[in-house]
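J.: no sequence on this one, just coordinates:
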C-alpha cells in the first residue's frame with residue numbers, strides 16, 4: 001500500500017532536502033533523506049517499497065551514476081529526477097533507463113506528488129509481479145519431470161487422448177498427471193494453467209519434439 005511505502009530523497013543541498021521532505025510528510029508519505037548517492041546505497045534496503053527522488057548534479061557519484069548502479073544490481077526502484085541544470089540528452093538517457101519523470105527545480109508540487117504516486121504504484125506492481133513469479137517457480141519445483149513434460153503438452157490445448165498417444169502411455173495416466181498438475185500449480189482450469197505457464201515462460205513442445213517423443 002502507498003501508506004506503507006517510503007520516498008527516498010537524495011540531494012546534496014540540505015535546504016532542498018528539508019523543503020521536499022516537509023512537503024511529502026505533509027502529504028502523508030514516509031520519507032528518508034540522504035546527502036549523497038553513496039549514503040543512499042549504503043543505507044538502502046531493496047525489500048522496502050517506495051520510490052527515489054534524486055538530484056542529478058552532485059559531487060562524486062551523480063544522479064545518473066546512481067541510476068546506473070541500481071540498474072547494474074537489477075534493482076528496479078522507480079526514480080524521479082530533479083535538476084536545475086538538466087538538458088534533453090540527459091533526460092532522454094534517464095527515461096530510457098526507466099525513470100518515472102525528469103523535473104526541473106524548483107519542481108511544481110502537484111507534478112512532483114503525482115510523479116511520486118506513479119512511482120510508488122509502479123514499485124508495488126513490480127514487487128507483486130516478482131512475488132507471483134517466485135510463487136509460480138516454487139510450485140513448478142514440486143512437479144516431477146514427467147508432470148512437467150505432460151504440462152507442456154496440456155497447455156497446447158490437446159485432449160488427454162492425444163497427449164497419451166504422443167507420450168506413449170494410456171489416457172488414464174495422463175488424466176492422473178493432469179489432476180496432480182492442477183493441484184500442485186493451484187489452478188482450477190486449463191485457462192488458468194495456460195496463464196501460469198506463460199508467466200513462467202513455459203511453452204508447448206514444438207512439432208519436432210512431439211515427433212521425437214512419440215517415435
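T.: Nice, I can see it. Keep in mind that this is a model prediction, so the values were computed, not measured.
J.: For the most centrally placed residue in the chain, which residues are in contact?
T.: When the chain is reduced to its mean C-alpha position, the nearest residue by C-alpha atoms, centre = their mean turns out to be residue 126, at 3.1 Å. When the contact criterion is C-beta atoms under 8 Å, 6 or more residues apart in numbering, the partners of residue 126 are residue 76. C-beta: built from backbone N, CA, C; applies to glycine.
J.: What mean pLDDT does the longest helix belonging to the chain get?
T.: For the chain, the longest helix by residue count, based on DSSP state H, is helix 109-140. Across helix 109-140, pLDDT averages out at 94.
J.: got it, and stretch 33-48?
T.: Per-region confidence: stretch 33-48 scores 93 on mean pLDDT.
J.: before we move on, what about stretch 73-84?
T.: If you average the per-residue pLDDT over stretch 73-84, you get 92.
J.: what's the distance between that stretch and the middle of its chain?
T.: Chain-centre distance of stretch 73-84: 14 Å, with C-alpha atoms, centre = their mean, to the nearest Å.
J.: What is the subsequent helix or strand relative to the longest helix of the chain?
T.: Scanning the chain past helix 109-140 towards its C-terminal end, the next helix or strand to appear is helix 145-154 (assignment: DSSP states H and E).
J.: other SSEs contacting the helix or strand just after that following helix?
T.: Next helix or strand after helix 145-154 toward the C-terminus (DSSP H and E): helix 160-167. Using 3 or more C-beta pairs under 8 Å, 6 or more residues apart in numbering; DSSP states H and E as the contact criterion, the elements in contact with helix 160-167 are helix 145-154, helix 171-184, helix 207-214.
J.: relative orientation of helix 160-167 and helix 145-154 in degrees?
T.: Using axes from the mean of the first three to the mean of the last three C-alpha atoms, to 10 degrees, one finds that helix 160-167 and helix 145-154 are set 120 degrees apart in direction.
J.: Could you pull out the buried residues of helix 160-167?
T.: Buried residues in helix 160-167, defined by neighbour count with 16 or more other C-beta atoms under 10 Å: 160, 163, 164, 165, 166, 167.
J.: Count the neighbours of the closest residue to residue 184 other than its chain neighbours for me.
T.: Across the structure, with C-beta to C-beta, 6 or more residues apart in numbering as the measure, the residue nearest residue 184 apart from its sequence neighbours is residue 142 (4.9 Å). The local packing of residue 142 (other C-beta atoms under 10 Å) involves 12 other residues.
J.: ok, now residue 21?
T.: The tally of other residues near residue 21 (other C-beta under 10 Å) stands at 18.
J.: Work out for me the element it sits within.
T.: If you go by DSSP H and E, residue 21 is part of helix 14-26.
J.: That helix versus helix 109-140: what angle between them?
T.: For helix 14-26 and helix 109-140, the angle between their directions (the same axes, to 10 degrees) works out to 70 degrees.
J.: Let me have the buried residues of helix 160-167 in JSON lines, extended by pLDDT and distance to residue 149.
T.: Compiled in JSON lines, the buried residues of helix 160-167 are given as follows (pLDDT from 0 to 100; distance: C-beta to C-beta, whole Å):
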{"residue": "160", "pLDDT": "93", "distance to residue 149": "14"}
{"residue": "163", "pLDDT": "93", "distance to residue 149": "10"}
{"residue": "164", "pLDDT": "94", "distance to residue 149": "12"}
{"residue": "165", "pLDDT": "93", "distance to residue 149": "14"}
{"residue": "166", "pLDDT": "91", "distance to residue 149": "10"}
{"residue": "167", "pLDDT": "92", "distance to residue 149": "7"}
